[in-house]
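> sequence first, predicted model second:
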Amino acid sequence: MAIPVNGSVAGPSGLSFSAVQEAIKAGLYADLANIIDTLELEVSAAGASKPQDWPYAIQILAHVFNHDLNSARFVWKRTPDAVKQSNPELVAAWKIVQCMWMHDHAGVYAALRAYSWASDVQQVVAAVGEDYSHGMLKLLSTAYSTVSVVDAAAFLGLSENDVVTFTSQQHGWVLDPATKMLTVMPMVAAATKKTDSSQLQNLTEYVFHLEH
Amino acid sequence: MDSLDALVAQVQGFSGTDDLLHLFSLLKQSDELLHNHAPRLQYALSSLDPAKHSLGYLYLLEVQSSGTLSQEQSENFLALASTFLNVCIAEQICLAPEKFNMVCRRVKEQALQLQEPLRAILPLQAAIRKLQPSSEFLTAMHADFLQMCLLAKCYKASLSVLEDDIFEIDQKRTGLVPRDFLLYCYYGGMIHIGLKQFGKALEFFQHAITAPATVLNAITIAAYKKFVLVSLIQLGQVPLFPKYTPPVVQRNLKSCVQDYVDLATSYVTRNIADVKGYITTHEDAFKSDNNLGLARQVIASLYKRNIQRLTQTYLTLSLQDIADNVQLDGPKEAELHILQMIQDGEIFARINQKDGMVSFQEDPEQYNTSAMTMRLNLEIHNIVRLAKKLTSVDEQVSCDQVYLSKIGRDRPRYETEDFDIVPQKMYTNL
């Protein structure tokens, strides 16, 4: 067994990010965060330092996709300063996290579009953007009974005309042209209420436990 | 044959399960021998297989890593130790838990010396799993593992270990000391704060405060400071000490943390200006305890708490009134706060931007969806498991010799009509 005396590796290494690529291709963005984090721990335990082509931006965006801004912040905090200065893609991804953290919705969409991402990163960015605007729409429909067109446009990352067309056609919101306010229609959430025989098994066990 | 070579040969020969105890006693006596041959240990280690000769490898590794190490030696040791901790045989290393703990502690120290705490995370996690007879046991490595996760800022990596419920403390099998338990509670609480799980953080800090003690120690004091801040954020007030808190802690703890106790008194008045002023004047005290960030979160929680109180009095309120009531800067800021609380599920309301009004609503949860059913099932399952555990502990105590002798001795105090609780022979022979 070869014992590396000085185990650090720099530059592009033989480390394969194939699991990461496959997850992106299959659209399994929720699993990305776990895959990359585990890889990071394994690389470090082997005594190697991260190779130059380490997917920092994807790591941060993967946590954002899982709505885990805390973990995204920690990835940024443990990245060395030298990498932060030499990797503009990472800085652009961090800008997205910062805007989300400060609830600067217009800023989030601007940051998503501001950088020309690498092709695999672009897929993750698109998924993050879509998920974010969907979340914002849900928030608007639960939190507001009327909202101004200006604010709605900022929340959803659309222009004012687009947001009126989008909400009135797809969701039945009503525009009051005098005050430029949209009346919000609540979204109907499809809640599954079916029960099946496995519940019966659970109930039997609980009753048995309570009797004894 | 040289004595070190002889020892290596014995390790290779006796590592089968039948001769393991014999090998163990041989190794216990060879400490001095190993120290004398320190420069040749590297060669000896390379001729052993950590996956087969785990016990011997452990002893050699421990001696090789004692004393101060140069950077090269450090890297070497960490590489060997990482592989060893991953592949060693649990039955072999369980014979020498103190040595195993020592090696793991050295792994942590060397990783810190090289300023690469990230490196120690997976090896220490493997070590915990190897030493634990089951996931319910606490080991000495839990605290070190959590500390590495904190320093490396890899909070999520600690979750698999942190989420295990600990039921058993066994000093003989794990070589645990009270300090390890206190540090486990303290670091565990800090990780939960980092993950914004304040309820769980409170549990951990409470364990640290209520641990049996005869003197006050620095870990308990530090844990109590964080406990005060987290309970203000989570509960709005600091709960009283539970009955099982050690008397020395109950009497003396509050006087060591006067700043925090005063902050708690100020918080209960719900006056934002007072609380903010207090934290600004005592900023240095909080900063020196690394609690300034937490103190700022206390202020944020007070805004939320004041807004929540409004929902209990009003059905609708204008944004301007909310801003005045809660001492915010204006209706826009009030709107942002309320929106954030709606998003986090802390409040149920609808904002009417046209009129600048907010109408507060009831929780729309009907508890009739399949997601809610699954969650209920999980909670009930956990409670059933806990109840079964409690019954088995109760049975264990009922059969315990010391307990029975105490009950038996008190027997004359009871009525003579009572049936024989404890047969006389159980306690008269003591």
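All right, it came through fine.
> for the residue in the stretch 151-300 of chain B that chain A sits nearest to, what are its contacts?
When distances are taken as CB to the nearest CB, the stretch 151-300 of chain B reaches nearest to chain A at B:K153, 4.4 Å away. C-betas here are computed from N, CA, C, even on glycine. By CB atoms under 8 Å, 6 or more residues apart in numbering or on different chains, the contact list for B:K153 reads A:74, A:77-78.
> please save the CA atoms from stretch B:202-213 in CSV.
Output in CSV follows, covering the C-alpha atoms of stretch B:202-213 (Å, rounded to 0.1, in the frame of the first residue of the first chain):
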residue,chain,number,x,y,z
LEU,B,202,-32.3,24.3,23.8
GLU,B,203,-32.5,20.5,24.5
PHE,B,204,-28.8,20.1,24.2
PHE,B,205,-27.8,23.1,26.3
GLN,B,206,-30.3,22.0,29.0
HIS,B,207,-28.5,18.6,29.1
ALA,B,208,-25.2,20.4,29.7
ILE,B,209,-26.7,22.5,32.5
THR,B,210,-28.5,19.6,34.3
ALA,B,211,-25.6,17.2,34.1
PRO,B,212,-24.7,15.9,37.6
ALA,B,213,-21.9,18.0,39.0
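> got a list of contacts for it?
B:178, B:181-182, B:185-186, B:188-189, B:192, B:219-220, B:223-224, B:226-227, B:230-231, B:234-235, B:241-242, B:244-246, B:248-249, B:253.
> hmm, which of those are the buried ones?
B:181-182, B:185-186, B:188-189, B:192, B:219-220, B:223-224, B:226-227, B:230-231, B:241, B:245-246, B:249, B:253 (16 or more other CB atoms under 10 Å in any protein chain shown).
> now a ChimeraX select for only the buried ones of the contacts of B:K153.
A single ChimeraX command suffices to select whichever of the contacts of B:K153 are buried according to 16+ other CB under 10 Å:
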select /A:74
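> the contacts of B:K153 also near chain B: which ones?
By CB under 8 Å from any CB of the partner chain, the members of the contacts of B:K153 lying near chain B are A:74, A:77-78.
> which helix or strand contains residue 20?
If you meant another chain, say so; for now it's chain A. A:V20 is located in helix A:18-25, with elements delineated by DSSP states H and E.
> the chain in question should be chain B.
B:L20 belongs to helix B:20-29, assigned by DSSP H and E.
> do I have it right that B:V228 meets B:S266?
No - at 11.8 Å, B:V228 and B:S266 do not qualify as touching, with contact defined as CB atoms under 8 Å.
> check contacts around the residue nearest to B:E346 when sequence neighbours are not counted.
In space, and not counting its chain neighbours, B:E346 is closest to B:K304: 6.3 Å by CB to CB, 6 or more residues apart in numbering or on different chains. Taking CB under 8 Å, 6+ apart, we find B:K304 in contact with B:337, B:341, B:346.
> against B:I279, how distant is B:K304?
16 Å (CB to CB, to the nearest Å).
> and B:L235, by the same measure?
19 Å.
> do B:K52 as well
59 Å.
> tell me which of the two has more neighbours.
Neighbour totals were compared for B:K52 and B:I279, and B:I279 leads with 19 against 16 (other CB atoms under 10 Å in any protein chain shown).
> where's that one, which helix or strand?
Secondary structure (DSSP H and E) places B:I279 in helix B:272-281.
> which secondary structure elements does that helix sit against?
helix B:258-268, helix B:292-313 (3 or more CB pairs under 8 Å, 6 or more residues apart in numbering or on different chains; DSSP states H and E).
> ok now the shortest one, how far from the chain's centre?
On the basis of CA atoms, centre = their mean, to the nearest Å, the separation between the geometric centre of helix B:258-268 and that of its chain is 26 Å.
> what segments of chain A are strands?
A:144-148, A:174-176, A:181-183 (DSSP state E).
> now do the same contact list for the nearest residue to A:S159 once chain neighbours are set aside.
Excluding the flanking residues, the one nearest A:S159 by CB to CB, 6+ apart is A:A153, at 6.3 Å. Going by CB under 8 Å, 6+ apart, A:A153 touches A:159-160, A:162-163.
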